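In: next comes the sequence, and after it the predicted model I'd like to discuss.
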Amino acid sequence: MAGQTQSPKQAQYDVVIVGGAIMGASTAWFLSDNKDFDGSVLVVERDTTYQACSTAHTNSCMRQQFSAELNVRISQFAADFVKNLRSYLGGDERVPELSIRNFGYMYLADNDAFANVLRESHKVQVAAGAGTQLMTPDQIRAAYPFYNVDDIVLGSINTVDEGFWDGSAVFDWWRRSSRERGVEYVENEVVAMTLNPAGTRVGSVTLKSGEVIACGHVVNASGPRAARTAAMAGIETPVEPRKRYSWIFKAEQPLEMDLPLTIDPSGVHVRENGGGTYQCGGHSEIDPAVDYDDFAMDFSLWENHVWPILATRIPQFEAIKVQSEWAGHYAMNTFDHNAILGPHTKVENFLFLNGFSGHGLQQSPAMGRGTAEWITYGGYRALDLTPFNYERIPNYCPIIEKAII
């Protein structure tokens, strides 16, 4: 029961996953689904209400419009997984049939430099099989007449496997299915780790309730708290919580067609929510790391920044009313804004699953599958995720991804 510390049933597990939100749940499920893995799995989640986790605050959308081919491939697997969820979960008729609401993402460039970025990214996406299209301002006006594009040089949109999907349903079924297959979830907290004398392996984790649990692998799936978890093993990782604000508003004059998830050149983004309502997000111009428990709203941001941008880009949004608002956290990888995966360079059984910088939900199927493969086989099988491994950080080999929101 949420709010009540639980003790594990065993004193030793082959895999201890620190964090039970979307990444931890994905890894646990893919381990449980892998016929070559027959070990024991413990998922330790500090708050099983999940009210403050990034998974609960997500935009719940996916896109293939990335500049790095590997990120495109990762999203393509996510789309296939969501659309075939029941099949992936063994044909279980209890599992819902899901789809993607393909209103697409619309990137808007107001200068030649960013327009060229969109053109180069378009080549990568099309080569990978994505349905991305570049649009001139006149083409945007014809297709989406509600936009003000007087300052726009170029747009980029893809309405194939880009848009809203039910992330909460996938999350719920990963947890439910993996539990039925023997994965153990406890509401507790890892507060310390003990390494072997050589400092090359985590031998055990200590829980808040006092138990010391021996482990074969430790998976750091603790979202914005990733650096705190890594520090328990004497490891530094460049992940910090950055505050992101969201609003749901109702328009007095709703648009007559679906609104793509629009990324304004200012960085403010807004999408269709249904029923004449829309969801938008943004952050302060000054974007520091924040405390892990800081979810306070900046109420001035809406009036002074977000609403004026919305009303300028979409004039029908001049008359709108906020219905709800909240602050959540990005697990920001300050090194290169991309995922950090794989084993540590010295502590060999400590695996990273961190730093997704805002695109974690859509990457969770591929990342959980890849982490499960690494634990089972010592390497990736279905999709080579090696470029994301932790070793690129001490080697200073950043992955350049130009499509970060």
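Out: Thanks, I have it. Residues are numbered from 1 along each chain as shown.
In: state the distance from Glu97 to Arg369.
Out: According to C-beta to C-beta, to the nearest Å, Glu97 and Arg369 sit 21 Å apart. Backbone N, C-alpha and C define where each C-beta goes, glycine included.
In: where in the chain is pLDDT low?
Out: The chain contains residues with pLDDT under 70 at 1-4.
In: skip ahead from the strand or helix carrying Tyr107 and say which helix or strand is next.
Out: If you go by DSSP states H and E, Tyr107 is part of strand 105-109. Per DSSP H and E, strand 105-109 leads on to helix 112-127 as the next helix or strand towards the C-terminus.
In: ok, back up a step: list the neighbouring strands of the strand holding Tyr107 plus their orientation.
Out: Strand 105-109 has its sheet partners listed here by DSSP bridges as strand 154-158 (antiparallel), strand 261-263 (parallel).
In: hmm, who's touching it?
Out: 61, 63, 65, 115, 117-118, 140, 144, 147, 149, 152-158, 162-163, 260-265, 313, 403 (C-beta atoms under 8 Å, 6 or more residues apart in numbering).
In: drop anything exposed from those residues.
Out: 61, 63, 65, 115, 117-118, 140, 144, 147, 149, 152-158, 162-163, 260-265, 313, 403 (16 or more other C-beta atoms under 10 Å).
In: the residue nearest to the spatial centre of the chain and Gly24, how far apart?
Out: By C-alpha atoms, centre = their mean, the chain has its centre lying nearest to Gly360, at 1.4 Å. Distance, Gly360 to Gly24, using C-beta to C-beta: 11 Å.
In: more crowded one of Glu97 and Arg369?
Out: Between Glu97 and Arg369, counting by other C-beta atoms under 10 Å, Arg369 is the more crowded of the two (25 against 10).
In: so what does the strand or helix carrying the more buried one touch, helix or strand wise?
Out: Using DSSP H and E, Arg369 falls within helix 360-377. Packing contacts for helix 360-377, counted by 3 or more C-beta pairs under 8 Å, 6 or more residues apart in numbering; DSSP states H and E, involve helix 22-33, strand 61-62, helix 69-83, helix 167-180, strand 212-220, strand 340-343, strand 350-354.
In: quick one, that helix and strand 350-354 angle?
Out: Calculated by axes from the mean of the first three to the mean of the last three C-alpha atoms, to 10 degrees, helix 360-377 forms an angle of 160 degrees with strand 350-354.
In: quick one: buried residues of helix 360-377?
Out: For helix 360-377, the neighbour count (16+ other C-beta under 10 Å) marks 360-376 as buried.
In: with stretch 293-303 instead?
Out: Applying 16+ other C-beta under 10 Å to stretch 293-303 flags Phe295, Leu301, Trp302 as buried.
In: of all those residues, which comes closest to Asn338?
Out: Nearest to Asn338 out of the buried residues of stretch 293-303 is Phe295 (C-beta to C-beta; 25.0 Å).
In: which residue sits closest to the closest one, ignoring its sequence neighbours?
Out: Ala327 (4.7 Å; C-beta to C-beta, 6 or more residues apart in numbering).
In: now the one you found: how far from Ser284?
Out: The spacing between Ala327 and Ser284, counted by C-beta to C-beta, is 11 Å.
In: which neighbours do the two share?
Out: In contact with both Ala327 and Ser284: Lys243, Asp298, using C-beta under 8 Å, 6+ apart.
In: between the two, which is the more surrounded one?
Out: For Ala327 and Ser284, the more surrounded residue by other C-beta under 10 Å is Ala327, and the numbers stand at 18 against 14.
In: for the more buried one, helix, strand, or coil?
Out: Put simply, Ala327 is strand when judged by DSSP: H, G, I helix; E, B strand; the rest coil.
In: so what's Val124 closest to, chain neighbours aside?
Out: In this structure, Val124 finds its nearest non-sequential neighbour in Glu69, 5.4 Å apart by C-beta to C-beta, 6+ apart.
In: secondary structure class for the residue located most distally from the centre of the chain?
Out: In the chain, the residue that sits farthest from the middle, by C-alpha atoms, centre = their mean, is Pro197; the gap is 35.6 Å. Secondary structure, three-state DSSP: Pro197 is coil.
In: who touches Glu373 in this structure?
Out: By C-beta under 8 Å, 6+ apart, Glu373 lies in contact with Phe30, Asn34, Gly379, Tyr380, Arg381, Ala382.
In: of those, buried ones?
Out: Using 16+ other C-beta under 10 Å, the buried ones in the contacts of Glu373 are Phe30, Asn34, Tyr380.
In: could you dump those residues into CSV with distance to Ile213 added?
Out: Putting the buried ones among the contacts of Glu373 into CSV (distance: C-beta to C-beta, whole Å) gives the following:
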residue, distance to Ile213
Phe30, 22
Asn34, 22
Tyr380, 27
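In: what's the closest of these to Ser177?
Out: Nearest member of the buried ones among the contacts of Glu373 to Ser177, counting by C-beta to C-beta, is Phe30, at 10.6 Å.
In: quick one: the closest one and Gly368 touch, right?
Out: Yes: counting by C-beta atoms under 8 Å, Phe30 does reach Gly368; the two are 4.8 Å apart.
In: on that earlier part again, I'd say the residue nearest to the centre of the chain and Ser54 touch.
Out: Yes: contact criterion C-beta under 8 Å: Gly360 and Ser54 qualify, at 6.5 Å.
In: between the two, which contacts overlap?
Out: Common contact partners of Gly360 and Ser54 (C-beta under 8 Å, 6+ apart): Ile22, Gly223, Ala331.
In: list the contacts for Gln12?
Out: For Gln12, the contacting residues are Ser40, Ile213, Ala214, Cys215, by C-beta under 8 Å, 6+ apart.
In: centre of the chain to the strand holding Tyr107, how far?
Out: Computed by C-alpha atoms, centre = their mean, to the nearest Å, the separation of strand 105-109 from the middle of its chain amounts to 20 Å.
In: now do that strand against helix 112-127, angle only.
Out: Angle, strand 105-109 to helix 112-127, by the same axes, to 10 degrees: 150 degrees.
In: can you show me the CA trace of strand 105-109 as CSV?
Out: Provided in CSV are the C-alpha atoms of strand 105-109 (Å, rounded to 0.1, in the frame of the first residue of the first chain):
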residue,chain,number,x,y,z
TYR,A,105,4.8,17.6,-34.2
MET,A,106,5.2,20.9,-36.0
TYR,A,107,8.7,22.5,-35.7
LEU,A,108,8.7,26.2,-36.7
ALA,A,109,12.0,27.9,-37.7
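In: lovely, talk soon.
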